[in-house]
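Trainee: what's the 3D shape of this:
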Amino acid sequence: GCTISDLGAGGVRFGDGSAGGPAAPGHNMRLVLNDSVVRSGARIESAAPGVLVMANAYDFVVTHNDVSDFAWAGISAGQVSSYVIHNASTGGYSVSASVAACRDGRLPWPAPPRFHNEVSYNRVHHIALGPDRMSDNGGLYLPVINARVFRNVVHDIGFYNFAGLGVYLEGAGCNVTYEENVFHSLRGSCFDGHW
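Mentor: Sure thing, here's the model as predicted:
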């Protein structure tokens, strides 16, 4: 039930660790952001979303929030830029092995299948519309694992030179269900499953 506004960077952050790599050892679990307003941010750091859930935050719920007026993304959850499995013999990555690992719940990330994350009933709007707007973005930026994304309303999403999506499943995501979300007034598509 918080109101958070006039921000140099983002408004709420769950977890720690870096994007695109394994989560830090300290796990953050069962965190909830509910019935809050997060607005007017990224005034100094343009790449900061309104709500950021890092890779090592499990069993999180982001629900019934209003997130608006950020330069890159409204809600970013997961920060798993790629869950693909590295093939040591070739030095490359195996997408087919990664798909099988996702399906079978054998992920290289420390996110056991019993953890379920939720992004629901949020209103995300007026993202990446100002002079500092960024690209490669979306209202919901979700490279997330084991999640249900439902009944969100996302609208008025822009970009600098590409993207402006409703949901951007950047890099990868695994075991994610999208249901009954509403999108309108986007410069890009409603959904982009990048991998």
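Trainee: so where's the chain shaky on pLDDT?
Mentor: Residue ranges of the chain with pLDDT under 70: 17-27, 79-99, 101, 103, 105-114, 171-172, 194-195.
Trainee: what about the helices in it?
Mentor: 95-104 (DSSP state H).
Trainee: distance check, Asn137 against Asp16.
Mentor: Distance, Asn137 to Asp16, by CB to CB, to the nearest Å: 23 Å. Bear in mind the C-beta positions are built from the backbone N, C-alpha and C, glycine included.
Trainee: what's the burial count for Ala55?
Mentor: 27 (other CB atoms under 10 Å).
Trainee: circling back to that earlier point, which one of Asn137 and Asp16 has more residues nearby?
Mentor: Higher neighbour count among Asn137 and Asp16: Asn137, with 29 against 15, using other CB under 10 Å.
Trainee: correct me if wrong: the more buried one contacts Trp72.
Mentor: Yes - counting by CB atoms under 8 Å, Trp72 is a contact partner of Asn137 at 4.9 Å.
Trainee: mutual contacts of the two, please.
Mentor: Ile127, Ala128 (CB atoms under 8 Å, 6 or more residues apart in numbering).
Trainee: for stretch 177-185, C-alpha coordinates in PDB please.
Mentor: In PDB, the C-alpha atoms belonging to stretch 177-185 read as follows (Å, rounded to 0.1, in the frame of the first residue of the first chain):
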ATOM      1  CA  THR A 177       1.800 -18.900 -18.300                       C
ATOM      2  CA  TYR A 178       0.200 -15.700 -19.700                       C
ATOM      3  CA  GLU A 179      -3.600 -15.400 -19.200                       C
ATOM      4  CA  GLU A 180      -6.200 -12.700 -19.700                       C
ATOM      5  CA  ASN A 181      -3.800  -9.700 -20.000                       C
ATOM      6  CA  VAL A 182      -5.000  -6.600 -21.800                       C
ATOM      7  CA  PHE A 183      -2.700  -4.500 -24.100                       C
ATOM      8  CA  HIS A 184      -3.400  -1.300 -26.000                       C
ATOM      9  CA  SER A 185      -1.700   1.800 -27.400                       C
END
